[in-house]
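# could you look at this predicted model? Sequence included:
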Amino acid sequence: MNIENLLKKTITSSQYRAITILGEQFDRLGIRAFLVGGTVRDILLGKSITDIDVVLEADPQDITSKFDPKYKVEVHSVSQFGTCKIILSDQTIDLAMARKEVYPSPGELPVVEHASFEDDLARRDFSINAFAAGINSQDWCELIDFDNGLADLESKQIRVLYSKSFQDDPTRIFRVLRYSGRLGFDIEKRTKKYMIEGLRLISLLSGVRLTNEIRKIFSEENSGAILRSLDQYEVMSYAHESFPNGADLTKRRDLLQSLQIDPHNRDFYAFVSLISSLERHNAIERLNLGNEFMKFGSDLGKIELLEEKVSRSELHDQLKQISEIAILVAGTYVSRKIKSNLDLFLQELNKIDLLIDGQDLIGLGVPEGPRVGDELSKTLSYMIESGPLSKPEQLIVAKKFI
Ligand code: ATP
């Protein structure tokens, strides 16, 4: 089957140009090259594509330096597997060497070996991702359907290529549910059985791989439905017993939508906020989210311990070291009274500033030394209880304390 017509219909003219230049250059260099994976799947589904993935039977690392110099190619990055991101004709293209993967043990990253193009298709996750289409002139747009993926696209099902697929790589459990939710496809019967058998191996995945998969789900258009589909198989609890379920996570993410916080991490703030304070440290470690999240988690714990009845200066004292993000996030789920205390802190108490400094106090006769700091903090506490003051007013108050 030749997919040139489909290709022309689904991709932009700039993408088409990039692919034809690549084909022409690889012809010149005598290298076989193919569009692969999700790129071909989406073309077959008539969807527009954002990623152009190309596999070569050669190492892509400095291949572009051999291109005809009339083409401007920018090498963007090179990954640990020898994949190269390049920019050509305004398009970002992933060039990868055809490879074979050997999994030393479940959950671990594979050992990668140079291989034939057919081996590269055999290592893929699902039949609907194991397509390729030639870009050299001799097989331009000829479809290679490695394992009956076309039939699966037609019957709208997702099927693994071999029975131990999920054992080799349990991230495929997240992937199968993500594609199923995105495309509205069923999981083929045997694939579902293998997936269920592989669930317990999710616990072996590293934090980075786990976070990566969860982040990919967060960025899906219908992420809510996908997260809820994880609940059916308790996928999150296989990752860590403290992890929230997808239904709660979806609700908490919605609550955080309107907050002015870094959107890249917002969903993980929602995630962490749902974990009990006793478990947060372990959960953040499990996800390998780093120190910023550790501080966030411990800040949430402190906010959750706040009493409803506190003086303004007690409130200030308890919150002054807490990050604004933690206060905003906790504000979405604490009691109404605590929420109004958090608002009071953010909108008023946290904005009260000392306009006088140590020199002013020394000028008023306070001897240099620790007393200067004491008198300044008394003045600040006074304002926190009674409201902000101008600089001359602050000097009057400070004088009273001396
Ligand atoms: P998306 O549309 O989300 O970008 P994609 O299908 O392009 O999806 P990628 O994660 O970009 O997916 O991966 C590109 C291709 O690499 C996939 O289509 C699949 O063939 C292969 N692949 C990616 N991850 C795995 C994996 N864990 N196991 C096997 N094959 C994989």
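Okay, I see it. Numbering: from 1, shown residues only.
# and stretch 49-58 with the ligand, contact?
Yes. Using Cβ under 6 Å from any ligand atom, we find that stretch 49-58 touches the ligand at 51, 53. No exception for glycine: its C-beta is placed from N, CA and C like everyone else's.
# would you mark the buried spots in that stretch?
By neighbour count with 16 or more other Cβ atoms under 10 Å, stretch 49-58 contains the buried residues 49, 52-58.
# OK, contacts around the residue of the stretch 301-402 of the chain found nearest the ligand?
Scanning the stretch 301-402 of the chain for the residue nearest the ligand gives residue 329, at 27.9 Å (criterion: Cβ to the nearest ligand atom). Residues in contact with residue 329 (Cβ atoms under 8 Å, 6 or more residues apart in numbering) are 256, 259, 261, 269-270, 273, 296, 300.
# same thing but at 10 Å, please
252, 255-256, 259, 261, 266, 269-270, 272-273, 296, 299-300, 303, 323 (Cβ atoms under 10 Å, 6 or more residues apart in numbering).
# what do you get for residue 221?
Contacts of residue 221 by Cβ under 10 Å, 6+ apart are 181-182.
# narrow the buried residues of stretch 49-58 to those in helices?
The helices, defined by DSSP state H, take in nothing from the buried residues of stretch 49-58.
# out of those, which is nearest to residue 176?
Comparing those against residue 176 with Cβ to Cβ places residue 53 closest, at 19.1 Å.
# in this structure that closest one contacts residue 33, no?
No. Contact criterion Cβ atoms under 10 Å: residue 53 and residue 33 do not qualify, at 11.1 Å.
# between those two, what contacts are shared?
Counting by Cβ under 10 Å, 6+ apart, the common neighbours of residue 53 and residue 33 are 95, 132.
# now do the SS call for residue 329.
Secondary structure for residue 329, judged by DSSP: H, G, I helix; E, B strand; the rest coil, is helix.
# and the gap between it and residue 278?
Computed with Cβ to Cβ, to the nearest Å, the distance linking residue 329 and residue 278 is 18 Å.
# ok, residue 76 next?
With Cβ to Cβ as the criterion, residue 76 and residue 278 are 43 Å apart.
# more neighbours, these two?
residue 76 (12 against 9; other Cβ atoms under 10 Å).
# the closest residue to the ligand within the chain - how many residues pack around it?
Residue nearest to the ligand within the chain (Cβ to the nearest ligand atom): residue 38, separated by 2.4 Å. Counted by other Cβ under 10 Å, the residues lying close to residue 38 total 18.
# correct me, but it touches residue 178?
No. Using Cβ under 10 Å, residue 38 is not in contact with residue 178; the gap is 11.4 Å.
# is it correct that residue 280 is in contact with residue 301?
Yes. Residue 280 is in contact with residue 301 according to Cβ under 10 Å; the separation is 6.6 Å.
# those two: which has the busier surroundings?
residue 280 (21 against 16).
# residue contacts, that one?
242, 272-274, 293-294, 296-298, 300-301.
# redo these as JSON lines? Include pLDDT.
Listed next are those as JSON lines, based on pLDDT from 0 to 100:
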{"residue": "242", "pLDDT": "96"}
{"residue": "272", "pLDDT": "98"}
{"residue": "273", "pLDDT": "98"}
{"residue": "274", "pLDDT": "98"}
{"residue": "293", "pLDDT": "97"}
{"residue": "294", "pLDDT": "97"}
{"residue": "296", "pLDDT": "97"}
{"residue": "297", "pLDDT": "97"}
{"residue": "298", "pLDDT": "97"}
{"residue": "300", "pLDDT": "98"}
{"residue": "301", "pLDDT": "97"}
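# which ones among those are found in helices?
272-273, 293-294, 296-298, 300-301.
# which strands or helices does the helix or strand of the chain with the lowest mean pLDDT pack on?
Using mean pLDDT, DSSP states H and E, strand 111-114 stands out as the lowest-scoring helix or strand of the chain, at a mean of 82. Strand 111-114 sits against strand 91-97, strand 99-102, with contacts defined as 3 or more Cβ pairs under 10 Å, 6 or more residues apart in numbering; DSSP states H and E.
# with only the CA atoms kept, save the shortest one in CSV.
The C-alpha atoms that make up strand 99-102 are tabulated as CSV, following Å, rounded to 0.1, in the frame of the first residue of the first chain:
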residue,chain,number,x,y,z
ARG,A,99,17.9,-0.5,17.0
LYS,A,100,17.2,-3.6,18.9
GLU,A,101,16.5,-3.6,22.6
VAL,A,102,17.4,-6.2,25.2
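# contacts for it, please.
55, 81-83, 109-120, 122-124, 168-169.
# in that strand, what counts as buried?
For strand 99-102, burial by neighbour count (16+ other Cβ under 10 Å) applies to 99-101.
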